[in-house]
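Colleague: Need a 3D model of the sequence below.
(3 chains)
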Amino acid sequence: MRLRLLIAVLAAAVLGLAFTFPWLKTPILLALANGLAVSGVIVLIRAGQVSFGNAMFACLAGYSAAFLARAWHLDALLLIALSCLFAALAGAVIGLFIVRYRGIFFGMLNLALSMVLFSVLGKFGGLTGGTDGLRFDRPTLGFVHLEREPFETALLVLALGLSIIAGWVVQRYFASVSGQALAAIKTNETRLEYLGISAKRVFWGGYVLAATLCGLGGSLFALTQGLVTPEMGYWVRSGELVFIAILGGSGHALGAFIGAFLFEFMKLYTAALLTGAWQLVMGLVLLVMVFVAPTGVFGMIERRLRPGRSA
Amino acid sequence: MSGYGLLSTRGLSLSFGGVVAADAIDFDLQPGERLAVVGQNGAGKTTFINICTGYLKPTSGTVLFDAVDITGHTPRAITRRGVGRSFQLPQVFTEHTVRECLMLAASSVKQKHGFFLPLAQAVDAHEVDATLDLLQLSARAHDLAGSLPEGQRKLLDVAMALVLRPKLMIMDEPTSGVSTDEKHGLMEVLMRALDERQVTSIFVEHDIDIVRRYATRLCAWIAGRIAADGAPEEVLRDPIVVKNVIGE
Amino acid sequence: MNSSLFALALMDGVSYAALLFLVALGLTLIFGVMRILNIAHGSLYAWGGYFAATLGMGITHFGLSPLLGLPALFVAAIVIGVFLATVLEFALLRRILDKDPILQLLVTFAAFMVLEDLQRMIWGVQPVFVSDVVTQLGTLSVAGVTYTRYQLLVLPAVAVLAFFGLRWFLGRTALGRQVTAVTHHREVATAMGVNTGRVTWLTIAVGGALGALGGALASPTTSFTPGIGAEMMVLSFAVVATGGLGQIGGAALAALMIGLTRSFAVYLMPEVEVLVPYLIMVGVLLVRPEGLFSTAATRRI
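Modeller: Numbers count the residues shown, from 1 in each chain, chains lettered A, B, ... in the order given. So this is what the prediction gives:
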């Protein structure tokens, strides 16, 4: 219950910030988009697996939104829905073979696939806009044509709503039969098989969910920027997603968003204060976190909220 | 019934790299039996169990469970037919609580692929609690499986399999790694649980005392074959068994 | 494709493969001895290259003998590689040995981020390209095709030396055999009296030096800009993964495969040039997830 209160307070705070300081809307949107992608990553982490390639789903969704926007000028809601669907399909297809792998092999294959996508997007410029990426015009939102400011506000509210729903979906999944079985993959896959449960099928379900969430993040990212570039799918991007997951706390969906906001705002501050050495600061912060608080910021919060219970 | 028992093998063979791990084994197990399996390391007993539970595929021969051919089936499929297994090193979900382990096991009974169905709602709580009770794990229901001492981990290992209401329980060295004074207590709880659930059992054992006390039948394995098969006391008096298995 | 283009592509491929091999060798050595994938390895490549360029510029600036050019590359590599690798090992790697693998990866990723920014702060964003060594060594003509001596002779020679040198060291020297022991089974090696801490540090230092050497040797032929470390990281990883983690022979074969295919792609189908290493990696991993030269490990489900 206290957790729900915390979420409500945080959501209100985000809205408050957005309306008080309009220049914060873009960073907040980016943080929400990242948070969604990271919530996908924590699904995989729950299975004890880490993918250094999940940015590819965000990238695929972003590019499909861009293509659809340029070709058919669809409404933003449709763009989000369709690009998510595309990411989910990609996840489903890739998942079919990738769920046979575990640990470092799983991570490597994801990385390889994401680099293939990255390279293709960069090189086949005719179709994809090459390394400069693709721009697209601001679409309608809810079939209403909006100017830049109101569009951002509306998109932010939408993103916040989607984030809360996504967080709820992830937590519900974690408590579900499939989600609990997914967590069991981490500790004892053999046992799962000997209980008559298909670890591969369970993992596939988690993988598709992760891909969809990353796709949702990617489509929001694209809509915020009005631009998609191959960098969205670069391996460093995927690494940042994992980074945010650990920073915020990979045990709970809220951790993903806390991490994303911390990440985005740390970037802002270091950009202002240290002329862009944000990677240096982040790297050091992460190192401290790993040694001092490996369960992330959420882990620290949880200890206060629910003393005596482990994630 | 066609002359097959609950578990039967015909001509079961497995060899790799010149080693004959299983040598044309013909075997029948009847319902209600408590079969102990003995043999030195490498004699083929674990291989036999691994083939019967789907972990290994035989080079030739068949395995039948409940008169159905399960040769080469996956562990998952065989589990679903009613064969439960526990391991020499207990295989539990170390980051789940004892109760959660059982709930996960129980969830596979109804096969509900619940993407949104909370685990707690997908299982029969009574079934889970009854099994916890049966294996005397109720006191530790909310402890992490990884924190259990070896003996209770073994019981949990068995409990997880029992929750699926198997007809046959195959246990690989149920008392190994447990201190001598705890061994008998452990077997008592195990055997009582199996009796209550009317589960036929096979257990691999090194402790001859345990074999004498709890088995209704004994098979001695030597070099991939069953060298002796019958009532425990008789088999234990067999000179070949004494020489090759008990090794005094 | 006529024969001179073929020869050019072949030479390009081999010299590129030589660089890839050196970097991948360092990465795979470190993985072998620590079972940790060092994401900061790409930074060692970058730093090696930048530092070598700086030394090169220093030689010109101070009017020192141009003959120092080539040795300076090696000096740069060893100094920077050993220094950074030691710092990494001492400050981070040895403290994460028993942590969750995900955390281990993230620690090296954080180190990568820190080194990237430090590199940018030191050397800026303008391309750095000091090619004196290459021009000095001149060109030679083989079968009517002109090559630079650097690419045709120096790079492959260093790679071959590294390969056989390392094989000899690991197989024939006492210290080398200790490294092999620690690689195969850390606990057993400690029990046998091997000073695993020192052996580990040594291997990491050598691995780091190799990574930096790749960069140093690449610097006269490529201009170094921010992001080159990230690019080489994922590329060298592709080589290591394809060859088999911890496999020296595998790294050599994979480096040749990737280097040559990429080079021929440049001449035949330039659009796929960047794609090729990762397609190869996916292809190999799908068929043999443990890489080309994997040890026959019994996978438990």
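Colleague: Next, find the distance separating the closest residue to residue C:89 other than its chain neighbours from residue C:185.
Modeller: In space, and not counting its chain neighbours, residue C:89 is closest to residue C:204: 4.7 Å by CB to CB, 6 or more residues apart in numbering or on different chains. (C-beta placed from N, C-alpha, C; glycine too.) Distance, residue C:204 to residue C:185, using CB to CB, to the nearest Å: 18 Å.
Colleague: Which one of those two is surrounded by more residues?
Modeller: residue C:204 (26 against 12; other CB atoms under 10 Å in any protein chain shown).
Colleague: My guess is the more buried one contacts residue C:30. True?
Modeller: Yes: counting by CB atoms under 8 Å, residue C:30 is a contact partner of residue C:204 at 5.5 Å.
Colleague: Name the spans of the chain whose pLDDT lies under the cut-off.
Modeller: Unless you meant another one, I'm taking chain A. Applying pLDDT under 70 to chain A picks out residues A:276, A:307-311.
Colleague: I was after chain B.
Modeller: B:1-3, B:111-113, B:247-248.
Colleague: all helices of it, in order?
Modeller: Taking DSSP state H to define them, one finds helices in chain B at B:45-52, B:75-81, B:98-110, B:119-122, B:125-134, B:150-162, B:180-196, B:208-214, B:232-237, B:239-241.
Colleague: tell me, how many neighbours does residue A:70 end up with?
Modeller: Neighbours around residue A:70, by other CB under 10 Å: 14.
Colleague: mind giving me the domain split of chain B?
Modeller: If you go by automatic domain parsing, the domain ranges for chain B are B:1-75+B:216-248, B:82-202.
Colleague: Dump the ones you listed into JSON lines; add distance to chain A as well.
Modeller: Below are the domains of chain B laid out as JSON lines (distance: least, CB to the nearest CB, whole Å):
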{"stretch": "domain B:1-75+B:216-248", "distance to chain A": "5"}
{"stretch": "domain B:82-202", "distance to chain A": "4"}
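Colleague: most packed of those domains?
Modeller: The highest mean neighbour count among the domains of chain B, using mean count of other CB atoms under 10 Å in any protein chain shown, belongs to domain B:82-202: a mean of 20.
Colleague: Please see if that domain touches chain C.
Modeller: No: shown here: domain B:82-202 not in contact with chain C (CB under 8 Å from any CB of the partner chain), separated by at least 10.7 Å.
Colleague: and the gap between the closest residue to residue B:10 other than its chain neighbours and chain C?
Modeller: Closest residue to residue B:10 in three dimensions, ignoring its sequence neighbours and counting by CB to CB, 6+ apart: residue B:62, at 5.1 Å. As defined by CB to the nearest CB, to the nearest Å, residue B:62 lies at a distance of 23 Å from chain C.
Colleague: Quick check, residue B:62 in contact with residue B:9.
Modeller: Yes: Residue B:62 is within contact range of residue B:9, at 6.8 Å (criterion: CB under 8 Å).
Colleague: okay, and the common contacts of these two?
Modeller: Residues touching both residue B:62 and residue B:9 (CB atoms under 8 Å, 6 or more residues apart in numbering or on different chains): there are none.
Colleague: that older thread, give the contact list for the residue nearest to residue C:89.
Modeller: By CB under 8 Å, 6+ apart, the neighbours of residue C:204 are C:29-30, C:33-34, C:85-86, C:88-89, C:93.
Colleague: The same query, at a cut-off of 10 Å, please.
Modeller: Taking CB atoms under 10 Å, 6 or more residues apart in numbering or on different chains, we find residue C:204 in contact with C:26, C:29-30, C:33-34, C:36, C:38, C:81-82, C:85-86, C:88-90, C:93-94.
Colleague: Now for residue 103, how many residues are close by?
Modeller: In the absence of a named chain, chain A is used. Residue A:103 has 11 nearby residues by other CB under 10 Å.
Colleague: Chain C, not that one
Modeller: The burial count for residue C:103: 16, using other CB under 10 Å.
Colleague: Look at it and give its secondary structure.
Modeller: helix (DSSP: H, G, I helix; E, B strand; the rest coil).
Colleague: ok, it to residue A:93 distance?
Modeller: Applying CB to CB to residue C:103 and residue A:93 gives a distance of 31 Å.
Colleague: Quick check: which element contains whichever residue of the stretch 1-150 of chain A sits closest to chain B?
Modeller: Residue nearest to chain B within the stretch 1-150 of chain A: residue A:48 (9.3 Å; CB to the nearest CB). Using DSSP states H and E, residue A:48 maps to neither a helix nor a strand.
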